[in-house]
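> Kindly return the folded structure for what I paste below:
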Amino acid sequence: MSIFRLLASRILFSALTLLLVSILIFLILEALPGDVATRILGREATAKALEVLRSQLHLDQPALVRYFQWLGDFLRGDLGTSIATGRPIADVLGPRIVNTLLLSLFAFAIYLVLALIPAIIQAVNRGKMIDNVISVITLLLLSLPDFLLATILLFLFAVAVPILPALATISENSTWQEMLRAMVLPAVTLAIMMAVYAIRVLRDSLIEVLRSDYVRLAELKGLRPRAVLFRHALPNAIVPALNVTALNLGFLIGGVVIVERVFSYPGFGTLLIDALQLRDIPLIKATVMISAAVYVAANLAADVLAVLLQPRLRISR
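Below is the predicted model:
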């Protein structure tokens, strides 16, 4: 199978996955008991208000028509109007997505450091004390729920040793220094939760690559150990970790919801929780679909990178 056919099949599979997700979201919201307009406005709402809301949500049309109308609007970039605020959902989502994107990029940069350095140290010192110590630490961190780790870091660095703010509140008027300082604790929390999964995978992969024939040949040629490690071993060992990294990007979607809530960070995750609490159906649909799209895109990128970084995968396919 050529690389172009492989990419086309992956993209088609991703599109079908998102289509199934859209159907599932619509069916779940449709299956909720009671009248949608009454759930949103409450039982004390007037008949006129209920009629206006039903018309706004197209509840007077068949479910199949409403689904294709919503899907068509979504594909055109029309996310609808938030019931809670009366504003276009795109305007509501914009600043929140930017905030979460900044937090995710900050967390991902920290994640790369926290994942690469311990894994390399463990692989080079396999079976030694430092290898065992790092393994125990990663297992302990792996057993901690993200909200508990966030609470521990919050207590340590905002209460016991108050060097960082307890609330990661930012606004349009915040300076870059204020934003970075506010994002440190939530970003470190997300980075640790992602890194503990990748460290073990990268360690085992790197150990296997270091035992391979081409690495031993590079050593026999007289290359320095650092050159062998970073030029020959690490680029090949990092491929299995790409799938974990893709899953970690997916975790950023789910994990950021809890972490943003703990630190009161005004991002995409807190917006999703607010939409659920306010029963803002159009906003719920938009946020869940965007979350699914990011997750599917991350896995698609990991598959493509895995093929591009290892020629033998292209040959075998």
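> Where do the domain boundaries of the chain fall?
3-76, 90-278 (the TED database).
> average model confidence for the first one?
For domain 3-76, mean pLDDT is 82.
> for stretch 86-93, same thing?
Rounded mean pLDDT across stretch 86-93 is 89.
> in the chain, which helix or strand is least confident?
Using mean pLDDT, DSSP states H and E, helix 311-316 stands out as the lowest-scoring helix or strand of the chain, at a mean of 50.
> Looks like residue 210 contacts residue 233 (just checking).
Yes. Contact criterion CB atoms under 8 Å: residue 210 and residue 233 qualify, at 5.4 Å. (C-beta placed from N, C-alpha, C; glycine too.)
> Number of residues surrounding residue 105?
Neighbour count for residue 105, taken as other CB atoms under 10 Å: 13.
> Next up, phi/psi of it, please.
When read as degrees, to the nearest 10, the backbone of residue 105 gives phi -60, psi -40.
> where does the stretch 151-300 of the chain have low pLDDT?
219, 232, 250-251, 253-255 (pLDDT under 70).
> tell me the SS of residue 144?
coil (DSSP: H, G, I helix; E, B strand; the rest coil).
> Excluding chain neighbours, what is closest to it?
Nearest non-adjacent residue to residue 144, counting by CB to CB, 6 or more residues apart in numbering: residue 152, 7.7 Å away.
> got the phi/psi numbers for that neighbour?
For residue 152, the backbone dihedrals are phi -60, psi -50 (criterion: degrees, to the nearest 10).
> go on, residue 223?
Dihedral angles (degrees, to the nearest 10) for residue 223: phi -70, psi 150.
> quick one: it and residue 234, what's the gap?
Distance, residue 223 to residue 234, using CB to CB, to the nearest Å: 14 Å.
> Between these two, point out the one with more neighbours.
Of the pair residue 223 and residue 234, residue 234 is the one with more neighbours under other CB under 10 Å, namely 19 against 15.
> Please report how far the residue nearest to that one when sequence neighbours are not counted lies from residue 118.
Spatial nearest neighbour of residue 234, excluding adjacent residues (CB to CB, 6+ apart): residue 206 at 6.9 Å. Per CB to CB, residue 206 is found 11 Å from residue 118.
> repeat for residue 297
Where residue 118 is concerned, residue 297 sits at a distance of 28 Å (CB to CB).
> hang on, the earlier thing: just say which of the domains of the chain is most tucked in.
For those, the largest average neighbour count (mean count of other CB atoms under 10 Å) is found in domain 90-278, namely a mean of 17.
> Just tell me which of the domains of the chain ends up closest to residue 289.
Among the domains of the chain, domain 3-76 comes nearest to residue 289, with 6.2 Å by CB to CB.
> Next, the contact list for residue 149, please.
Applying CB atoms under 8 Å, 6 or more residues apart in numbering, one finds that residue 149 lies in contact with 141, 189, 192, 193.
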